[in-house]
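*Asks:* Take this sequence and fold it.
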Amino acid sequence: MSDDQETKPTETPKVDEEEPKKEEDDKVKEEESTATFEPVVKLEEVEVKSGEEEEETLCTYRSKLFIYGETLLDKGTGNKTWRERGIGEARILRHREHQRIRFLMRQEKTMKVIANHALDPRIRLEPNAGSDRSWVWSAYDFAEGELEEKVFALRFANSDVATEFKETYEKYQKEMESLLAGEDKPDESGEADEAAEALSGLKTGDEE
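*Replies:* All right, here's what the predicted structure looks like:
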């Protein structure tokens, strides 16, 4: 056999891998589900009231609240200690209708009410021993849903903020004192009684 007649090896044709892959992708797309699912139960939006809708915020101070009293373990023993109630915004609110003023504080994140009492003119903010950035006072508080006498301590970031809070608190106490003095006067129209009744019904959404 001559060299000219020598058989050359035939090349194996390359398989086009792109074409099958494309066909496979198209098939997958065709098989994708386009079904839609409706929820079995539809929940309607519910308006949640905080109990502050009829009030305006007069001031706000970020702080940490403490309460002096018995813990659950010490209940009935008379053993009282300071314990933290929470961190949040301490606010003073005024009711738009009867003008009553109260102190309200909610725990941040949970928004639970941890202090809620009227700015009674008889309340006195006293310096906390060993600290120039906190105040101690006692008040008849309604945070737990019933009126209870409690001792609070409120601590601020620094002494300047603490001083500003005390000045603001006492300013609105005087305003509250003037309001109460006006209600004590003879009132033939009965407006004072209406205001007192409105205050007794004043509560946060947590108490409902």
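
*Asks:* Which secondary structure element of this protein has the lowest mean pLDDT?
*Replies:* helix 191-200 (a mean of 50; mean pLDDT, DSSP states H and E).

*Asks:* how about the longest helix along the chain: buried residues?
*Replies:* Criterion DSSP state H: the longest helix present in the chain is helix 159-184. Judged by neighbour count using 16 or more other C-beta atoms under 10 Å, the buried positions of helix 159-184 are 162, 165-166, 169, 172-173, 175-176, 179-180, 183. To be clear about C-beta, it is placed using only N, CA and C from the backbone, and glycine gets the same treatment.

*Asks:* same deal with stretch 120-136?
*Replies:* Buried residues in stretch 120-136, counted by 16+ other C-beta under 10 Å: 120-121, 123, 125, 128, 133-136.

*Asks:* pull the CA atoms of it into PDB?
*Replies:* Extracted C-alpha coordinates of stretch 120-136, given in PDB (Å, rounded to 0.1, in the frame of the first residue of the first chain):
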ATOM      1  CA  ASP A 120     -49.400  66.100  91.900                       C
ATOM      2  CA  PRO A 121     -48.000  69.400  93.200                       C
ATOM      3  CA  ARG A 122     -47.200  67.700  96.500                       C
ATOM      4  CA  ILE A 123     -44.500  65.500  94.800                       C
ATOM      5  CA  ARG A 124     -41.000  66.500  95.600                       C
ATOM      6  CA  LEU A 125     -38.000  65.400  93.500                       C
ATOM      7  CA  GLU A 126     -35.100  64.600  95.900                       C
ATOM      8  CA  PRO A 127     -31.400  64.100  95.000                       C
ATOM      9  CA  ASN A 128     -30.400  60.400  94.900                       C
ATOM     10  CA  ALA A 129     -27.600  59.700  97.400                       C
ATOM     11  CA  GLY A 130     -24.200  59.700  95.700                       C
ATOM     12  CA  SER A 131     -25.500  60.800  92.300                       C
ATOM     13  CA  ASP A 132     -26.000  64.100  90.600                       C
ATOM     14  CA  ARG A 133     -27.800  62.700  87.600                       C
ATOM     15  CA  SER A 134     -30.800  61.000  89.200                       C
ATOM     16  CA  TRP A 135     -33.900  62.000  91.200                       C
ATOM     17  CA  VAL A 136     -36.000  60.100  93.800                       C
END
